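Colleague: Structure of the sequence below:
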Amino acid sequence: MDLTGIHHLTAISGAIRENHRFYTQTLGMRLVKRSVNQDDVSAYHLFYADAKGTPGTDLTFFDWPVPRERRGTRSIVRTCLRVNGARAIDWWVRRFDELGVSHGDVFERDGRLNLRFEDPEGQRLALVDDGGRGDAPAPWERSPVPPEFQIRGLGPIVISVPTLNPTDILLTRVFNMRLVRDTPHPDNPAATVHVFEMGAAGGPHAELHVAVQPDLPDVRQGAGGVHHVAFRTPDADYDAWADRLNEFGVPNSGKVDRFWFRSLYVREPNGVLFEIATDGPGFGVDEDPATLGEHLVLPPFLETHRAQIASRLEPID
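Modeller: Reported below is the predicted structural model:
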């Protein structure tokens, strides 16, 4: 029983309108689900992905009016977005230059071309050449980005921890990930990044990179930071994962039905929040695929509170 890749990643935005423009107009992603945080309905939960909201392509945001993140360890420190080929990386360099998006130089890391940049709130991002590996995304025809250069999905995801061993035990013994290689940290060659792989074939869509950085202060979560990362599981394995966490005595949320997928939450020993999420039933279960993300959608258990919830949300368009 294996996790099969990155499912989604959820970040925190304190300026949701500006954030929305960046991800739809600059990065060309589609808003596929416009909903609310099910545990705090005063906040949006917005999902940006490929045309269909395919698992593994969605980058999501909680809308919380909080100060900027104070960067540090015990956190998710970089979100990689996959594109296909050096030609795509070069195209994005030109686009960022034209739009005034600050970015670093293109460099090779772990055998792949990288282009690092930040969103308007300081979330650390990178475009990574995935060589065409992973599921083919569904191009969004209304994207300002040509189909061949559109973002293909998430991964690898980079986390920072002060010590490796407790995180390693959870990833390898409980989550069945494989430690496949070590690489120098791109900003500090004295630090090591440990690459954990999931799924039968691995690949950039199925990697978690763990940077060991004991000299950093602890993170103070805030806007521009990342709340959690979710890993994919086939629907049929969900109950078995819930049982496995309990059998190993791993503290967890228990089963949580998010309506579009089912979840289990685990805070790993160094403090980073992980989620295991099913692929289905998917975002099309309650919306026409042609109009995904255009209207506020609530799970059934919140529908009776629609008027009150909607009245507290600012329009983002």
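Colleague: Tell me, what's the model's pLDDT at Ile276?
Modeller: Here the pLDDT value assigned to Ile276 is 98.
Colleague: Next, count neighbours for it.
Modeller: Ile276 has 25 neighbouring residues, counting by other Cβ atoms under 10 Å. To be clear about C-beta, it is placed using only N, CA and C from the backbone, and glycine gets the same treatment.
Colleague: so it makes contact with Gly5?
Modeller: No: Ile276 sits out of contact with Gly5 when judged by Cβ atoms under 8 Å, with a separation of 11.8 Å.
Colleague: shared neighbours of the two, which are they?
Modeller: Residues touching both Ile276 and Gly5 by Cβ atoms under 8 Å, 6 or more residues apart in numbering: Phe231.
Colleague: and Val219, what does it touch?
Modeller: So Val219 contacts 69-75, 160, 225 (Cβ under 8 Å, 6+ apart).
Colleague: Could you turn the buried ones of those into a ChimeraX selection?
Modeller: In ChimeraX syntax, the buried subset of those is picked out as below (16 or more other Cβ atoms under 10 Å):
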select :69,71,72,73,74,75,160,225
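Colleague: The contacts of Val219 in strands, which ones?
Modeller: 75, 160 (DSSP state E).
Colleague: Show residues contacting stretch 159-179.
Modeller: 1-3, 72-77, 194-198, 202, 208-214, 216, 219, 229, 231, 244-245, 248, 250, 266, 268-270, 272.
Colleague: quick check: longest helix of the protein.
Modeller: Longest helix in the chain, counting residues (DSSP state H): helix 86-99.
Colleague: re earlier: could you pick out the buried ones from the contacts of stretch 159-179?
Modeller: Of those, these count as buried by 16+ other Cβ under 10 Å: 2-3, 72-77, 194-198, 202, 208-213, 216, 219, 229, 231, 244-245, 250, 266, 268-270, 272.
Colleague: any chance of the contacts of Val219 in CSV, plus distance to Ser13 and pLDDT?
Modeller: Shown next, in CSV, are the contacts of Val219 (distance: Cβ to Cβ, whole Å; pLDDT from 0 to 100):
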residue, distance to Ser13, pLDDT
Glu69, 11, 98
Arg70, 16, 98
Arg71, 16, 98
Gly72, 19, 98
Thr73, 22, 98
Arg74, 21, 98
Ser75, 16, 98
Ser160, 21, 98
Gly225, 10, 98
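Colleague: with the contacts of Val219 in mind, which one is nearest to Pro146?
Modeller: Gly225 (31.2 Å; Cβ to Cβ).
Colleague: right, and the closest one touches Val66 too?
Modeller: No: contact criterion Cβ under 8 Å: Gly225 and Val66 do not qualify, at 9.1 Å.
Colleague: Which residues are in contact with each of the two?
Modeller: The contact sets of Gly225 and Val66 overlap at Ile12 (Cβ under 8 Å, 6+ apart).
Colleague: Good, wrapping up.
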